[in-house]
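J.: only geometry, no sequence info:
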């Protein structure tokens, strides 16, 4: 694609030869001729003076090496996203390898109950299963081993990658993506302990994923004991995340890998939880909250909170605590030395004083 055309596509201002063509995107320190790169983080600015890319997307005013075209954008990272769409596009879902000419989007090895409803243009790969009374919206794709339980509902344009599972009665909105081996609607971890035994509580609720939710590989969203577990529109999960039963997560949240959220949590919109962050059950997390990686959230958080640490506290305080704790052994040694010095000085002042002796 010519740079002048690309600039129009991504809403950037071009400084350089408009006839230069680029064919793909690459990191700024490894890009070569014919490739486009970007810098949206100040730690990579120095690469602009050495990059071999044909063009770079940058914020206004940043200098690049002579001969490299600049595509200036108000939001370089989003402009890069638009360039990726223009040059690479999204994954194309293949037709089933064993499909017959008279049914090019359906494998004969797919298992679909006679009472299930399939929308127009659904693609079914070998080994996927659609149970009794389930509804699959238009243009959905079910990869090998995907499972849709009884009376579950998928909206239009959903994608279930290999091994993804939607338990009975759960509901997915439009354009929901479940990556490999994600599980939606398994039983919540609910037991009543009686006389030392853990007696299972029936999990009679469901899971609802709203429009444009994306769930990473190996994630589990538990069904509620009563009513529903709900994930709001536009929320994105990375891999290996666990959501407890009855929890409600708002719209456009980001949860990084290995996050764990206990049951009955009420989480607002635009929340970001860093990797390995954990949330205790029955808490209320406000809108626009940000938690750093490994944060242990054990109290309610108001709107706009920025927290970190174990247990989670205000982020700047957590950073200071972390810095102070980097050499606890050294601090303990110095404290012991100071105690001995104080004891020596007190004995010099009063040889009979024994109150300050340390073991």
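T.: Arrived safely. Predicted model, so just to flag it, every value in this text is computed and none were measured.

J.: and residue 86, helix, strand or coil?
T.: Residue 86 falls in the helix class when you classify it by DSSP: H, G, I helix; E, B strand; the rest coil.

J.: that one and residue 1 touch, don't they?
T.: Yes - taking C-beta atoms under 8 Å as the definition, residue 86 is a contact partner of residue 1 at 6.5 Å. In short, each C-beta sits where N, CA and C put it, glycine included.

J.: quick check: neighbours shared by those two?
T.: residue 9 (C-beta atoms under 8 Å, 6 or more residues apart in numbering).

J.: so who does the spatially closest residue to residue 278 that is not a sequence neighbour touch?
T.: What sits nearest to residue 278 in space, not counting adjacent residues and going by C-beta to C-beta, 6 or more residues apart in numbering, is residue 260, at 4.7 Å. Counting by C-beta under 8 Å, 6+ apart, residue 260 touches 241-242, 277-279.

J.: now the residues you listed: which count as buried?
T.: Buried members of those, counted by 16 or more other C-beta atoms under 10 Å: 241-242, 277-279.

J.: make a markdown table from those and add distance to residue 316, pLDDT and secondary structure to it.
T.: Output for the buried ones among the contacts of residue 260, formatted as a markdown table (distance: C-beta to C-beta, whole Å; pLDDT from 0 to 100; DSSP: H, G, I helix; E, B strand; the rest coil):
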| residue | distance to residue 316 | pLDDT | secondary structure |
| --- | --- | --- | --- |
| 241 | 27 | 98 | coil |
| 242 | 29 | 98 | strand |
| 277 | 17 | 98 | coil |
| 278 | 21 | 98 | strand |
| 279 | 21 | 98 | strand |
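
J.: of those, which is the nearest to residue 324?
T.: residue 277 (21.6 Å; C-beta to C-beta).

J.: quick check: the closest one touching residue 292?
T.: Yes - with contacts counted by C-beta under 8 Å, residue 277 reaches residue 292, the gap being 7.4 Å.

J.: on the three-state scheme, the spatially closest residue to residue 258 that is not a sequence neighbour is what?
T.: Once flanking residues are discounted, residue 258 sits nearest to residue 276: 4.5 Å by C-beta to C-beta, 6+ apart. Three-state call for residue 276 (three-state DSSP): coil.

J.: how many other residues sit next to residue 276?
T.: The number of residues packed near residue 276 is 16, by other C-beta atoms under 10 Å.

J.: need the contact list for it.
T.: Each residue near residue 276 by C-beta under 8 Å, 6+ apart is listed here: 257-259, 293-294.

J.: one more pass at 10 Å, please.
T.: Each residue near residue 276 by C-beta atoms under 10 Å, 6 or more residues apart in numbering is listed here: 240, 256-260, 292-296.

J.: got a pLDDT number for it?
T.: Residue 276 carries a pLDDT score of 98 in this model.

J.: distance of the residue nearest to residue 257 when sequence neighbours are not counted relative to residue 255?
T.: Once flanking residues are discounted, residue 257 sits nearest to residue 238: 4.1 Å by C-beta to C-beta, 6+ apart. In this view, residue 238 and residue 255 are 7 Å apart by C-beta to C-beta, to the nearest Å.

J.: what values do phi and psi take at residue 231?
T.: Main-chain dihedrals, residue 231, degrees, to the nearest 10: phi -120, psi 120.

J.: contact partners for it?
T.: Neighbour list for residue 231: 172-173, 176, 184, 207-210, 213-215, 221, 237, 243, 247-251, 253, 255, 267 [criterion: C-beta under 10 Å, 6+ apart].

J.: just to revisit the earlier point, can you put the contacts of residue 260 in a markdown table and add distance to residue 21?
T.: A markdown table is the format used below for these (distance: C-beta to C-beta, whole Å):
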| residue | distance to residue 21 |
| --- | --- |
| 241 | 41 |
| 242 | 46 |
| 277 | 44 |
| 278 | 49 |
| 279 | 49 |
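
J.: what residues of the lengthiest helix in the chain count as buried?
T.: Ranked by residue count under DSSP state H, the longest helix found in the chain is helix 328-349. Counting neighbours by 16+ other C-beta under 10 Å, one finds that the buried residues in helix 328-349 are residue 343.

J.: quick one: average pLDDT of that helix?
T.: According to the model, helix 328-349 has a mean pLDDT of 92.

J.: equivalent analysis for stretch 200-215, please.
T.: Mean per-residue pLDDT for stretch 200-215: 98.

J.: what about that stretch, start to end distance?
T.: End-to-end distance of stretch 200-215 (C-alpha to C-alpha, to the nearest Å): 27 Å.

J.: stretch 315-333 now?
T.: 28 Å.

J.: kindly report the same for stretch 51-60.
T.: For stretch 51-60, the first-to-last residue distance is 18 Å (C-alpha to C-alpha).

J.: kindly provide the distance from residue 229 to residue 185.
T.: For residue 229 relative to residue 185 (C-beta to C-beta), the value is 8 Å.

J.: between these two, which contacts overlap?
T.: Common neighbours of residue 229 and residue 185 (C-beta under 10 Å, 6+ apart) are 170, 203, 205-209, 221-223, 245.
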